[in-house]
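In: Mind looking at a prediction? Sequence and model below.
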Number of protein chains: 2
Amino acid sequence: MSSEGPGEPDVRRRLIELAADVLGDEGPAALSARRLARDAGTSTMAVYTHFGGMPGLVQAVVAEGFRRLFDRVAEVELTDDPIADLAAAAAAYRANALANPHVYSVMFGSASLGEYRLHDEELEVGIAAFQQLVGLIERAMAAGALRRDDPAPVAAQFWTALHGYVVLEIADFYSMFDDPEAQVLQPLLGRLLAALR
Amino acid sequence: MSSEGPGEPDVRRRLIELAADVLGDEGPAALSARRLARDAGTSTMAVYTHFGGMPGLVQAVVAEGFRRLFDRVAEVELTDDPIADLAAAAAAYRANALANPHVYSVMFGSASLGEYRLHDEELEVGIAAFQQLVGLIERAMAAGALRRDDPAPVAAQFWTALHGYVVLEIADFYSMFDDPEAQVLQPLLGRLLAALR
DNA sequence: CATGCTGCCATAACGGCGTTATGGTCCTGG
DNA sequence: CCAGGACCATAACGCCGTTATGGCAGCATG
């Protein structure tokens, strides 16, 4: 391995973080190989040696976004109230998404369509994140807080509601509500869980 | 001179429909003023005289997408079972979204972020579509099929769940389920409505 | 040690993109 | 009849992603 100076990590890492920063600060339109290469002090060829092209770089940013989302949710401390833990996990999920709305949008918005589709790397992390939620649901069922059922579809329903809310909040479609988190998200998740009792 | 016959409507209309077709068939990456102008038998300047630029054209396509979505949902025939009508409306919503997944993605995905944000035209149609759902919820409450409550937040919760499902189905995130519509969407909406009884 | 090889990146070019400037051709209203 | 405006064709500017080419370090091999 090449010894890397403390202030100058490897180029691959720098490009990913720079891309995530530009995406977060200025949106997808500002992402360009030339711009990133200039800011990283290298040339556009670095994008091709490390990622094979611009879609590959975006894919790496998406994979990083999934990893961070997974970590944020994994950091919530579990209590003896599995329902409260589900709410805390949802809050962490939402907070992370709202902190990086453009990254979240690219993760799911263009994740499948034209551009590049998701590859093994993101898929693996995505599955791990979903299994994390399945575990929380199973735990609630084992504790008797939720009716016993196949946990995977229940987790998918929970995640679907949460994801739908986050997307619409990011896209600013709740402008007619004072406090959409209290008026939409919490009742939605609460009622879903209530019907699962 | 080639004056326009009955099969050659005005250029503005042709550009919108061509853009929607290209978007649906080949995805957002294939959308370009030059390509559309070539296919429409005109020059790129037509895009600027009619829409002020490429974002304006996309905005027109989005507005058209909202209008079509609204119409499809409005076409469902109401019965004397308001809960069944809600399910029928959701099915029409999903069917229209899956028939034009790229258009749906542009409507909500990049609807707010960097590119162009939604303007008065789309906002107006979007509000009308939402009021349509509020009316269905109100009707179910009046008939005693749902508990009396402020219908707008309830409609938002229903729409949030439905939208979240459609987005994830389009992005192909339900690959671990045989029949996601039966395993995720229907239980999710059914349980939400059950908790609202 | 010399040698060739491989990974990595700088430079420059190609085609395509959105956009703008300019000018021409109609159609319309006075 | 003619002035003006709506509409579009042409060409150019500066971006973009991508590719071809070449230089240069590090390293394994003879």
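Out: Right, received. Where do you want to start?

In: Contact residues of chain A facing DNA strand D?
Out: Residues of chain A found near DNA strand D (CB under 7 Å from any atom of the strand) are A:2, A:31-35, A:44-45, A:47-48, A:53-55. C-betas here are computed from N, CA, C, even on glycine.

In: and which of those residues is nearest B:Ala152?
Out: A:Leu31 (37.2 Å; CB to CB).

In: my guess is the closest one contacts A:Asp21, does it?
Out: No. Using CB atoms under 8 Å, A:Leu31 makes no contact with A:Asp21, being 10.5 Å away.

In: who has more neighbours, those two?
Out: The neighbour comparison of A:Leu31 against A:Asp21 (other CB atoms under 10 Å in any protein chain shown) goes to A:Leu31, with 21 against 12.

In: What residues does A:Tyr174 make contact with?
Out: A:Leu168, A:Pro180, A:Val184, B:Ala156 (CB atoms under 8 Å, 6 or more residues apart in numbering or on different chains).

In: now it, what's its secondary structure?
Out: coil (DSSP: H, G, I helix; E, B strand; the rest coil).

In: cool, and A:Val76?
Out: Per three-state DSSP, A:Val76 ends up coil.

In: so what's it up against?
Out: Counting by CB under 8 Å, 6+ apart, A:Val76 makes contact with A:Asp85, A:Ala88, A:Ala89, A:Ala92.

In: what about A:Asp10, neighbour count?
Out: 11.

In: Among the contacts of A:Val76, which one has the most neighbours?
Out: A:Ala89 (21 neighbours).

In: Packing partners of the helix or strand containing that residue?
Out: Here A:Ala89, judged by DSSP states H and E, is contained in helix A:82-99. Using 3 or more CB pairs under 8 Å, 6 or more residues apart in numbering or on different chains; DSSP states H and E, the elements in contact with helix A:82-99 are helix A:54-74, helix A:120-142, helix A:151-170, helix A:186-195.

In: okay, those in CSV with distance to chain B, mean pLDDT and mean neighbour count next?
Out: Formatted as CSV, the helices and strands packed on helix A:82-99 follow (distance: least, CB to the nearest CB, whole Å; pLDDT from 0 to 100; neighbours: other CB atoms under 10 Å in any protein chain shown):
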stretch, distance to chain B, mean pLDDT, mean neighbour count
helix A:54-74, 10, 94, 19
helix A:120-142, 7, 91, 17
helix A:151-170, 2, 97, 24
helix A:186-195, 4, 98, 20
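
In: Among these, single out whichever gets nearest to DNA strand C.
Out: helix A:54-74 (11.6 Å; CB to the nearest atom of the strand).

In: neighbour-wise, which of the residues of chain A next to DNA strand D leads?
Out: A:Val47 (24 neighbours).

In: Would you mind listing what in chain A touches DNA strand C?
Out: Applying CB under 7 Å from any atom of the strand, one finds that chain A approaches DNA strand C through A:Val11, A:Ala37, A:Gly41, A:Thr42, A:Ser43, A:Thr44, A:Met45, A:Ala46, A:Thr49, A:His50.

In: just curious, which of those is nearest to DNA strand D?
Out: Nearest to DNA strand D, judged by CB to the nearest atom of the strand, of those is A:Thr44 at 4.0 Å.

In: For the closest one, give me its contacts.
Out: A:Ala33, A:Arg34, A:Ala37.

In: Next, the distance between the ends of stretch A:34-50.
Out: The stretch stretch A:34-50 measures 15 Å between its terminal residues, going by CA to CA, to the nearest Å.

In: Let me see the mean pLDDT of it.
Out: Mean pLDDT, computed over stretch A:34-50, is 97.

In: Turn the residues of chain A next to DNA strand D into JSON lines, including secondary structure and distance to A:Thr79.
Out: Shown next, in JSON lines, are the residues of chain A next to DNA strand D (DSSP: H, G, I helix; E, B strand; the rest coil; distance: CB to CB, whole Å):
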{"residue": "A:Ser2", "secondary structure": "coil", "distance to A:Thr79": "46"}
{"residue": "A:Leu31", "secondary structure": "coil", "distance to A:Thr79": "40"}
{"residue": "A:Ser32", "secondary structure": "coil", "distance to A:Thr79": "46"}
{"residue": "A:Ala33", "secondary structure": "helix", "distance to A:Thr79": "47"}
{"residue": "A:Arg34", "secondary structure": "helix", "distance to A:Thr79": "50"}
{"residue": "A:Arg35", "secondary structure": "helix", "distance to A:Thr79": "45"}
{"residue": "A:Thr44", "secondary structure": "coil", "distance to A:Thr79": "50"}
{"residue": "A:Met45", "secondary structure": "helix", "distance to A:Thr79": "51"}
{"residue": "A:Val47", "secondary structure": "helix", "distance to A:Thr79": "45"}
{"residue": "A:Tyr48", "secondary structure": "helix", "distance to A:Thr79": "49"}
{"residue": "A:Gly53", "secondary structure": "coil", "distance to A:Thr79": "46"}
{"residue": "A:Met54", "secondary structure": "helix", "distance to A:Thr79": "44"}
{"residue": "A:Pro55", "secondary structure": "helix", "distance to A:Thr79": "42"}
